[in-house]
Each structure stands twice: as C-alpha cells, then as structure tokens.
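Novice: Sequence first, predicted coordinates after that:
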Amino acid sequence: QVQLDESGGGLVQAGGSLRLSCAASGRTISSYAMGWFRQATGKEREFVAAIIYGGGAIYYANSVKGRFTISRDNAKNTVYLQMNSLKPEDTAVYYCVAKGNGGSYDRSETYGYWGQGTQVTVSS
C-alpha cells in the first residue's frame with residue numbers, strides 16, 4: 001500500500017505561485033507513475049499532470065501547460081507540483097495520485113492510490 005500526503009495548498013492572489021508537495025509512505029514511489037488531479041466545487045475531477053517512474057515522460061493538461069511543472073524526488077519519496085501564474089480558475093482541491101506505469105495517465109480511474117487533497121484558492 002502507498003499512502004500519499006499532500007501539503008502546500010493555500011490562498012494566493014492571481015498571478016502568484018504555490019508549490020504543492022506529496023510525500024509518499026508505505027512503499028517507494030520509484031516504480032510508480034505519479035500525478036495530480038483537481039476538483040473544483042460543482043465540477044468533475046480533472047487531470048492536471050503526471051510523471052512516469054523514470055521521469056522521462058511528463059504529461060500536462062492543456063489548461064496548465066506552460067504554467068505548472070511536475071517533478072519527483074525518488075530519494076525523498078516525494079512529488080511536487082510547482083504552480084506559477086495562477087488564475088482564479090485554478091481554484092480547486094488538488095489530489096496526489098499514484099499507479100503502476102502503463103495505461104492512460106489522464107484518467108482518474110486508472111489510479112489506485114489517492115491522497116486526501118489540499119485546497120488551493122486563487123483570488124482575483
């Protein structure tokens with residue numbers, strides 16, 4: 001089993017930055033694909049970004065491409081999401097996810113491990 005614990009959320013003004021962290025425990029994440037999803041109030045959960053175990057392939061939603069950066073530190077068993085140029089529409093609960101490599105990376109049902117989520121609020 002993998003436990004995921006997100007941190008780093010908060011309130012920020014539009015144009016600002018936040019860095020989310022996801023600390024994994026229970027197993028090393030080096031062999032897992034890791035990612036982030038988000039869910040805004042009243043909306044469906046949506047894919048944000050994913051990084052495969054070797055870090056060689058990274059995927060982003062079009063809505064965050066060029067503004068968000070996903071990275072991983074396998075030695076620290078931690079994944080990060082650097083969010084720059086934040087917009088009010090980025091406001092959501094952000095979830096860290098993990099799964100084995102392979103298959104679709106942008107579909108929430110393919111991820112077997114989820115964190116509790118961290119709230120990100122961007123004010124205009």
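Specialist: Perfect, thanks for sending it.
Novice: contacts, neighbours, all on C-alpha from now
Specialist: OK.
Novice: and the gap between residue 79 and residue 43?
Specialist: As judged by Cα to Cα, to the nearest Å, residue 79 and residue 43 stand 25 Å apart.
Novice: So for the two, which sits in the more crowded spot?
Specialist: residue 79 (25 against 9; other Cα atoms under 10 Å).
Novice: Might one say that that one is in contact with residue 52?
Specialist: No: shown here, residue 79 and residue 52 do not form a contact pair, counting by Cα atoms under 8 Å, at 11.1 Å.
Novice: Need the residues touching each of those two.
Specialist: residue 34 (Cα atoms under 8 Å, 6 or more residues apart in numbering).
Novice: and the nearest residue to residue 117 once chain neighbours are set aside, what does it touch?
Specialist: Leaving aside its sequence neighbours, residue 117 sits nearest to residue 95 (Cα to Cα, 6 or more residues apart in numbering; 4.4 Å). Applying Cα under 8 Å, 6+ apart to residue 95 gives the contacts 6, 36, 37, 38, 114, 115, 116, 117, 118.
Novice: how about TSV for those residues, with neighbour count and distance to residue 47 added?
Specialist: Putting these into TSV (neighbours: other Cα atoms under 10 Å; distance: Cα to Cα, whole Å) gives the following:
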residue	neighbour count	distance to residue 47
6	23	16
36	27	7
37	22	5
38	22	7
114	20	13
115	19	14
116	14	16
117	22	14
118	21	15
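Novice: List the ones among these that fall in strands.
Specialist: Using DSSP state E, 6, 36, 37, 38, 114, 118 are the members of these that sit in strands.
Novice: Export these as CSV, with columns for pLDDT.
Specialist: As requested, these are exported to CSV (pLDDT from 0 to 100):
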residue, pLDDT
6, 97
36, 98
37, 98
38, 98
114, 97
118, 98
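Novice: Residue 28: which of the residues you listed is nearest?
Specialist: For these, the residue nearest residue 28 by Cα to Cα is residue 114; the value is 15.1 Å.
Novice: residue contacts, that closest one?
Specialist: Applying Cα under 8 Å, 6+ apart to residue 114 gives the contacts 3, 4, 95, 96, 97, 98.
Novice: in the sheet, who's paired with the most centrally placed residue in the chain?
Specialist: For the chain, residue 36 is the residue whose C-alpha lies nearest the centre (Cα atoms, centre = their mean; 2.2 Å). Taking DSSP bridges as the rule, residue 36 bridges to residue 49, residue 96.
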